[in-house]
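J.: Just need the structure, nothing else, for what follows:
(one chain, ligands or ions: 2)
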Amino acid sequence: MSIDRRSIFFDLTRTKVLACGCVQPDAGRCVQCGICSHNCPLGLDVRAYAWRGIPITDSHCLTCGQCVARCPRGALEFVPLRPEA
Ligand code: SF4
Ligand code: SF4
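T.: Numbers count the residues shown, from 1 in each chain. Ligands and ions are numbered 1, 2, ... in the order given. Next up is the predicted model:
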């Protein structure tokens, strides 16, 4: 049986991202336009998190970055859950 090494690399990288970071909103920069929520492939209410300024810790979040990339105000960023030692 052959093994797709690219798939293994992708899975290991993805696991590390999921374990180490989450999306953190800056409520002071958010204008509640809703573009982030509209572009979330899982339909998470990112705008609600941004309104409250709390990190997106929903276990369904894929950390795909769509909300971060689409926010016109730069109000979203990835932050490490545990800072590197
Ligand atoms: S896209 Fe940015 S500015 Fe718009 S609601 Fe989301 S976090 Fe706020
Ligand atoms: S990182 Fe992706 S899955 Fe997570 S809230 Fe943003 S758009 Fe949705």
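
J.: residue boundaries of the strands in the chain?
T.: The residue ranges that make up the strands of the chain, judged by DSSP state E, are 21-25, 76-80.

J.: What residues of the last one count as buried?
T.: With burial defined by 16 or more other CB atoms under 10 Å, the residues of strand 76-80 counted as buried are Leu76. Heads up, the C-betas are built off the backbone N, CA and C, glycines and all.

J.: Direction included, what does that strand pair up with?
T.: Paired with strand 76-80 in the same sheet, following DSSP bridges, are strand 21-25 (antiparallel).

J.: Can you check which of the strands of the chain gets nearest to Gly53?
T.: Ranking the strands of the chain by distance to Gly53, with CB to CB as the measure, places strand 21-25 first at 5.7 Å.

J.: Kindly export that closest one (C-alpha atoms) in PDB.
T.: Once non-C-alpha atoms are left out, strand 21-25 reads as follows in PDB (Å, rounded to 0.1, in the frame of the first residue of the first chain):
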ATOM      1  CA  GLY A  21      -3.900  29.300  17.700                       C
ATOM      2  CA  CYS A  22      -7.200  30.900  17.500                       C
ATOM      3  CA  VAL A  23      -8.800  34.000  16.000                       C
ATOM      4  CA  GLN A  24      -8.700  37.100  18.300                       C
ATOM      5  CA  PRO A  25     -10.900  40.100  17.500                       C
END
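
J.: ok, Phe78 to Gly21 distance?
T.: Applying CB to CB, to the nearest Å, the value for Phe78 to Gly21 is 5 Å.

J.: quick revisit: for the strands of the chain, give me CSV that also has mean pLDDT.
T.: CSV is the format used below for the strands of the chain (pLDDT from 0 to 100):
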stretch, mean pLDDT
strand 21-25, 94
strand 76-80, 93
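
J.: Distance to Thr57 added to the ones you listed, as JSON lines?
T.: Compiled in JSON lines, the strands of the chain are given as follows (distance: least, CB to CB, whole Å):
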{"stretch": "strand 21-25", "distance to Thr57": "6"}
{"stretch": "strand 76-80", "distance to Thr57": "11"}
